[in-house]
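1. my questions are about this predicted structure, shown below with the sequence.
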Amino acid sequence: MRDASTCGVAAPIEGAAEMSATLFSPIEIRGVRLKNRVVVSPMWQYSGVDGRPTQTHTVHYGRLAEGGAGLVLQEGTTVTRSGRGTLGDLGIWDDSMVPLYSRLVDVVKAGGAVPGIQLIHAGRKGRRNPPWSAHTPRPAASDDWRVLGPSAVPIGVEEFSTPVEMSLGDIEDTVTAFANAARRADEAGYEVLDLQAAHGYLIHSFLSPLTNRRTDRYGGSTENRFRFLVEIIDRIRATWPAGKALFVRLSCVDVEWTIDQSVELVRELGTHGVDVIDCSSGGITGLPFPGAKADYGYQVPYAEEIRSRTGSRTMAVGHIVHATQAQAIVENGQADLVALGRELLHNPHWPLDAARKLGLPDPYAQAPTRISYWLRKREKSFPGFTPSTEGSGLW
C-alpha cells in the first residue's frame, strides 16, 4: 500500500465529522469548490448517436444545472465503443468527441454548477436495449461490440449475455482507454470524474468473486481482484490534474461482498488519489442480498459506515427525496454529499425548493441571476406568497 502523501491524495476528513456542514454549505475537494452539497446523480438518457451527445443532452443538463445543484455528473460515458451498454450510450473514446463535450460543459457552467462526468465500461451489461425495450431483440454482435468480462461466467439474469473472458491484452487496452478518456474529459473542461465501479459493470465484475474466476494476477485473492480498479485509478491520476476531484462509485454491499470488504478497498483507494466514495449497492445479480428492499435513504448507512471507518469523504445516494432528509444526512455526518437522481427528473429545481423549505435567507441564490432575480421579485409580490411545491395555496 502506498503512502497517501506520495500520490497527491486529499487529506481525509478529521474523524469523519464536519459539524458546521449543512446541505447548502460549500465544500472544497482538491481545487474544486462546490457551492452546496447537492449532486445530480448520473442518469442515462439513451439518446446518444454513435456515442455523441445530442440536443436532448443539452436540454437535460442545462435544466439540471439551472436548478441549483452544486455538481452535475454526466451519465455514464463509455471509454470504448465496445464498452457501450446500449446504442444510445454516450462515449468519449475518440479525440473528435472532445469539442462536443466542451459544449455540454459550457452549458452546465452557465447554469451555475460544476461539471462532472462518469466514466464507464459496461462489461457483461453490454449490448442491451434501453430498459423500456428490454424484451425486444438485442443489438447484433459485432467485432467492435464484444461483451467482455473477467471470466466467461453466465449469471442468471435474463438480459445479460455470457461475456468473453478478457485476455491480458484486453485488460491493458481497457486500462489505457480509461486513461485516455480521462485526458479527453479534462480537455473538455470537466472538473470532477466519477469512476463507475459498481452495479455489475466491468470494473465491479472484477471485484466480485462471483464473476471473477481468473487464476492470474487479476483474480483469486482480494488484492488481485482489486488490481484492475487500482491500475485504472493510477493511470487516470497520471493524466487527470491534481487539482481536479476523483470519485469512485462502489457497490458497498452485494452478493458475496460485505461492507468490511468495501472498507478494505476504500482504505486502499485512498492511497491512490481517490477523493470521494460514491456509495451504492447491488448489481451483480440485482439485489445486494436476498429480501433487500428500497426505502427512503436505504443506502445512507453504507455512506456513513464507510466515512466513519475510513475517514474518506462519501456521497450518499438512493431515494433521497425530501429537503429535511438530505439536510439531516449532511448535518449528522452521514455523508459529505447527497446525490439525487429521479427526484430531479420530477423537479429539476429541487435545490431551490429545498433551500426555501429549509429557511435559507436567500434560497434563490443557488440559481443564475437571470432566474433568481425574477423568483426573488415574485416572492415579494404580496404577503404570504407560497410556490406550488408548498401546498395548494387558496385553490
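-> The structure has been received and is ready for your questions.
2. low-confidence stretches in the stretch 201-350 of the chain?
-> Applying pLDDT under 70 to the stretch 201-350 of the chain flags no residue at all.
3. now do the buried residues in stretch 257-268.
-> Neighbour-count burial for stretch 257-268, with 16 or more other Cβ atoms under 10 Å as criterion, is recorded at Trp257, Ile259, Gln261, Ser262, Val263, Glu264, Leu265, Val266, Arg267, Glu268. Glycine gets a C-beta too; all of them are placed from N, C-alpha and C.
4. isn't Ala197 up against Ser208?
-> No. With contact defined as Cβ atoms under 8 Å, Ala197 and Ser208 do not form a contacting pair (10.7 Å).
5. so these two - more neighbours on which side?
-> Between Ala197 and Ser208, Ala197 has the larger neighbour count (other Cβ atoms under 10 Å), namely 26 against 22.
6. residue contacts, the more buried one?
-> Applying Cβ atoms under 8 Å, 6 or more residues apart in numbering to Ala197 gives the contacts Ile203, His204, Leu207, Leu229, Val248, Arg249, Leu250.
7. go on, Glu187?
-> Here Glu187 is in contact with Val98, Ser102 (Cβ under 8 Å, 6+ apart).
8. does it belong to a helix or a strand, and which?
-> helix 168-188 (DSSP states H and E).
9. what's the end-to-end length of stretch 31-38?
-> 18 Å (Cα to Cα, to the nearest Å).
10. which parts of it are buried?
-> For stretch 31-38, by 16+ other Cβ under 10 Å, it's Val32, Leu34, Lys35, Asn36, Arg37, Val38.
11. neighbouring contacts of that stretch?
-> 21-28, 68-71, 112, 114, 191-192, 242-245, 326, 330, 336-338, 340, 350-351, 354, 366.
12. pLDDT of that stretch, averaged?
-> Mean pLDDT, computed over stretch 31-38, is 98.
13. can you give me the helices for this protein?
-> 55-66, 98-110, 168-188, 202-207, 222-239, 259-269, 300-310, 323-331, 342-346, 350-357, 369-379 (DSSP state H).
14. for those, which one ends up most surrounded?
-> Mean neighbours per residue, mean count of other Cβ atoms under 10 Å, is largest over the helices of the chain for helix 202-207, with a mean of 27.
15. residues in contact with that one: which ones?
-> With Cβ under 8 Å, 6+ apart, helix 202-207 has contacts from 83, 120-124, 148-150, 163, 174, 195-198, 211-212, 218, 225-229, 232, 251, 254, 257, 265, 283-284.
16. and with 7 Å instead?
-> 121-124, 148-150, 196-198, 211-212, 218, 225-226, 228-229, 232, 251, 283-284 (Cβ atoms under 7 Å, 6 or more residues apart in numbering).
17. now a ChimeraX select for only the buried ones of the contacts of stretch 31-38.
-> The ChimeraX command for the buried members of those (criterion: 16+ other Cβ under 10 Å) is given here:
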select :21,23,24,27,68,69,70,71,112,114,191,192,244,245,326,330,336,337,338,340,350,351,354,366
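18. Phe160: what's its closest spatial neighbour, skipping adjacent residues?
-> Arg124 (5.5 Å; Cβ to Cβ, 6 or more residues apart in numbering).
19. no, scratch that, I was asking about Phe24
-> Asn36 (4.6 Å).
20. quickly note the distance from that neighbour to Thr136.
-> 41 Å (Cβ to Cβ, to the nearest Å).
21. what's across from Ile277 in the sheet?
-> Val248, Thr314 (DSSP bridges).
22. mind listing what it touches?
-> Counting by Cβ under 7 Å, 6+ apart, the residues that Ile277 touches are Val248, Leu250, Val266, Ile306, Ser312, Thr314.
23. next, format those as JSON lines and append distance to Glu75.
-> Formatted as JSON lines, the contacts of Ile277 follow (distance: Cβ to Cβ, whole Å):
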{"residue": "Val248", "distance to Glu75": "17"}
{"residue": "Leu250", "distance to Glu75": "18"}
{"residue": "Val266", "distance to Glu75": "24"}
{"residue": "Ile306", "distance to Glu75": "24"}
{"residue": "Ser312", "distance to Glu75": "24"}
{"residue": "Thr314", "distance to Glu75": "21"}
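24. looking at these, which is nearest His346?
-> Distances from His346 to the contacts of Ile277, taken as Cβ to Cβ, are shortest for Thr314 (24.6 Å).
25. quick one: the closest one from Arg37, how far?
-> Applying Cβ to Cβ to Thr314 and Arg37 gives a distance of 11 Å.
26. tell me, what's touching the two both at once?
-> With Cβ under 7 Å, 6+ apart, Thr314 and Arg37 have common neighbours Asp336.
27. could you tell me the angle between the helix holding Glu187 and helix 222-239?
-> Using axes from the mean of the first three to the mean of the last three Cα atoms, to 10 degrees, the inter-axis angle of helix 168-188 relative to helix 222-239 is 40 degrees.
28. from here on, count from 349
-> In the new count, where the first residue is 349, that last one comes out as helix 516-536.
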